[in-house]
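K.L.:
need a structure here:
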Amino acid sequence: MQLLSLLLLAVIFPGGDNEDAFQGPTSYHVIQISQFANSTWAQNQGSGWLDDLQIHGWDSESGTAIFLKPWSKGNFSEEEVIELEELFRVYLIGFIREVQDRASEFHLEYPFLIQGIAGCELHPGKPTVSFLRGALGGLDFLSIKNDSCAPAPEGGSRAQQFCTLISQYQGICDTVAKLLLETCPQYLFGVLDAGKAELQRQVKPEAWLSSGPTPGPGRLLLVCHVSGFHPKPVWAMWMRGEQEQPGTQRGDVLPQADGTWYLRVTLDVAAREAAGLSCRVRHSSLGDQDIVLYWGRPTSIVLITLAIVVPSLILLICLALWHFRRWPYQNIS
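P.N.:
Residues are numbered from 1 along each chain as shown. I've put the predicted structure just below:
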């Protein structure tokens, strides 16, 4: 299995030994959120993610997966997809029933929330690594390491009790191990290959500066906008020369309708100190050519516009004056 992983890695990411060539998402994971309101009402929510890109949802009514991308099935056949859906459907129904039956045994007080994350991730030049972690009420509860259940310290005696219980169900443990160690890596490589065109496309960002709401007397809020870039990872920072400004505030990287991303980076400064500051943007699509915008200087787009528009206006005015001066003479003749 390790040799197969390395061979697939070399095919999907040529030059896989070079970390710089290792582009795009590097992990797939599913998230389960189970809410228990009382002993008779509970609800499961599920989703699937490539890094922080959601590509699956879960329809709890029909018990089927929702494929959010055309390539979300990877290289799995329809039969394999149906088989996995049935497996997850049975698991989720059984999970709720089992938790409700054992709630008093584990001293669980309604309402409570159980969260789980499981998946696998790639590392350049190494085999895939699988993981499974569970949380109860937002606190770590347990994890699966080396095919064994490891209670988290925050889980206390309940986590230890659960690990002792689950170890008695060898069939369940074997199924989980197969999903984590075989199915997940197979799917991850397949979906990375199927979605390669979208996942690895490079779109250069556009950047511009503006001022935000005045933070206070004598102060400015400098805003650097970075828009239209893909993939998502981007670095942007307010600078003075080559020195990063520690007061830089970075917003969330937000999705846009065309599949690209937007970022807003701000800096609160005294108005007298704004001169000489710049916003520097780095992105994989730019290579080593960073975008650098200086506060108080017109951007290159503005300069180009002025260089075209102003001479054109002057020429039009000159032509108009020449025409009006000649018009009386033309009428006399």
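K.L.:
all helices for the stretch 151-300 of the chain, in order.
P.N.:
156-166, 170-178, 184-194, 196-199, 300-332 (DSSP state H, counting those that start in this stretch).
K.L.:
And the fourth one, what's buried?
P.N.:
Of all the residues in helix 196-199, those buried under the rule 16 or more other Cβ atoms under 10 Å are L199. Using the backbone N, CA and C atoms, a C-beta is placed for each residue, glycine as well.
K.L.:
Give me the below-cutoff pLDDT ranges for the stretch 1-150 of the chain.
P.N.:
For the stretch 1-150 of the chain, applying pLDDT under 70 flags the ranges 1-24, 146.
K.L.:
Start from the N-terminal end of it and give the strands.
P.N.:
Assigned by DSSP state E, counting those that start in this stretch, the strands in the stretch 1-150 of the chain fall at 27-36, 42-50, 53-59, 64-67, 112-123, 126-136, 139-145, 148-151.
K.L.:
would a markdown table of these with mean neighbour count and distance to I82 be doable?
P.N.:
Below are those laid out as a markdown table (neighbours: other Cβ atoms under 10 Å; distance: least, Cβ to Cβ, whole Å):
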| stretch | mean neighbour count | distance to I82 |
| --- | --- | --- |
| strand 27-36 | 19 | 17 |
| strand 42-50 | 18 | 16 |
| strand 53-59 | 17 | 14 |
| strand 64-67 | 17 | 9 |
| strand 112-123 | 19 | 20 |
| strand 126-136 | 19 | 23 |
| strand 139-145 | 18 | 26 |
| strand 148-151 | 16 | 30 |
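K.L.:
Tell me which of these approaches S227 most closely.
P.N.:
With Cβ to Cβ as the measure, strand 53-59 is the member of those nearest S227 (18.4 Å).
K.L.:
tell me the angle of the closest one relative to helix 184-194?
P.N.:
Orientation of strand 53-59 against helix 184-194 (axes from the mean of the first three to the mean of the last three Cα atoms, to 10 degrees) gives an angle of 120 degrees.
K.L.:
Just list what strand 53-59 packs against, helices and strands only.
P.N.:
Packing partners of strand 53-59 (3 or more Cβ pairs under 8 Å, 6 or more residues apart in numbering; DSSP states H and E): strand 42-50, strand 64-67.
K.L.:
Mind listing residues that contact the longest one?
P.N.:
Outside of strand 42-50, the residues within contact range by Cβ atoms under 8 Å, 6 or more residues apart in numbering are 25, 27-36, 54-58, 60, 65, 72, 88, 92, 95-96, 99-100, 119, 191-192, 195, 199.
K.L.:
coming back round to it: let's have the strands of the stretch 1-150 of the chain in CSV, adding distance to W238.
P.N.:
CSV is the format used below for those (distance: least, Cβ to Cβ, whole Å):
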stretch, distance to W238
strand 27-36, 31
strand 42-50, 31
strand 53-59, 28
strand 64-67, 40
strand 112-123, 33
strand 126-136, 36
strand 139-145, 36
strand 148-151, 43
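K.L.:
Relative to E80, which of those strands is closest?
P.N.:
strand 64-67 (11.9 Å).
K.L.:
How many residues are close by the residue lying closest to S130 once chain neighbours are set aside?
P.N.:
With Cβ to Cβ, 6 or more residues apart in numbering as the criterion, S130 has its nearest non-adjacent residue at 3.8 Å, and that residue is L180. By other Cβ atoms under 10 Å, the residues close to L180 number 20.
K.L.:
Ok, R89 next?
P.N.:
R89 has 17 neighbours, counted by other Cβ under 10 Å.
K.L.:
Name whatever forms a beta bridge with L293.
P.N.:
C279 (DSSP bridges).
K.L.:
Show the contacting residues for it.
P.N.:
Here L293 is in contact with 207-209, 224, 278-279, 281, 299 (Cβ under 8 Å, 6+ apart).
K.L.:
so W58 makes contact with L84?
P.N.:
No. The pair W58 / L84 is not scored as a contact, 11.7 Å apart, by Cβ atoms under 8 Å.
K.L.:
Identify the residue nearest the geometric centre of the chain.
P.N.:
The geometric centre of the chain, computed from its C-alpha atoms, lies nearest to D52 (Cα atoms, centre = their mean), at 3.1 Å.
K.L.:
Skipping its backbone neighbours, what lies nearest it in space?
P.N.:
Excluding its sequence neighbours, the residue lying closest to D52 (Cβ to Cβ, 6+ apart) is K232, at 7.1 Å.
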